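Chemist: below is the structure, and that's it, no one-letter string:
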């Protein structure tokens, strides 16, 4: 299977602190991969390097397709309406969307009744959906989402999960960091676990992680701490 991105012996140091230590992994096309790890494990730094936002690192990153990064809080303009924000992005990226294409995206994200509002008046879930919809205008083949599903209610979560699942089915890849393991268990195909800047496991199929009759949360805790649930 063709890989969309490859990390080869990537390390990152800030001052004297080693953030990432000799990271090597690949991501295939068409997968949703959960990037799991405790706070401070290096997840955000890894995502920023993958997105080529951070360039000061050692090692090699081979990005074979275009990527878009989305941080944990939507960086959008609160005084604009949803429609104004959409027009801003399509002008900025020189993207032409037909009315049918835009209407379908609004339906996919359940935003058809929200885009007349100012962004400042939207819920956090709708702000996040709008920001995700904005970056997929460019149809990136690699989505890098940092704690994106935190703070989202179940209804908005379902719309986001359904969209990401369908997006991956088109041959795109999503790498999403999260602490919400019970949610990741329901829609990620694979997991990658990082701790203290080191990859503990990667390209692990979700069904394999759950094959020991453990939940993903239990498997993760066992992997990080060595705690035995048997």
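Modeler: Here it is on my side, so go on. Keep in mind that this is a model prediction, so the values were computed, not measured.

Chemist: tell me what the longest helix along the chain is packed against?
Modeler: In terms of residue count, the longest helix belonging to the chain (DSSP state H) is helix 154-169. Secondary-structure packing of helix 154-169 (3 or more C-beta pairs under 8 Å, 6 or more residues apart in numbering; DSSP states H and E): strand 32-36, helix 99-108, helix 124-136, strand 173-177, helix 181-187. All C-beta atoms are positioned from the backbone trio N, CA, C, and that covers glycine.

Chemist: what residues does it touch?
Modeler: Helix 154-169 is contacted by residues 30-32, 108-110, 123, 125-126, 128-129, 132, 136, 143, 148-149, 152, 174, 176, 183, 186-187, 189 when judged by C-beta atoms under 8 Å, 6 or more residues apart in numbering.

Chemist: among the residues you listed, which ones are buried?
Modeler: Neighbour-count burial (16 or more other C-beta atoms under 10 Å) is assigned, among those, to 30-32, 108-110, 125-126, 128-129, 132, 136, 143, 148-149, 152, 174, 176, 183, 187, 189.

Chemist: center of the chain, which residue is that?
Modeler: Note on the chain: the residue nearest the mean C-alpha position is residue 145, at 2.3 Å, using C-alpha atoms, centre = their mean.

Chemist: quick check: residue 97 vs residue 138, distance?
Modeler: Shown here: residue 97 relative to residue 138, a distance of 11 Å by C-beta to C-beta, to the nearest Å.

Chemist: and residue 95, how far from residue 26?
Modeler: The value you get for residue 95 to residue 26, if C-beta to C-beta is used, is 30 Å.

Chemist: alright, I will stop here.
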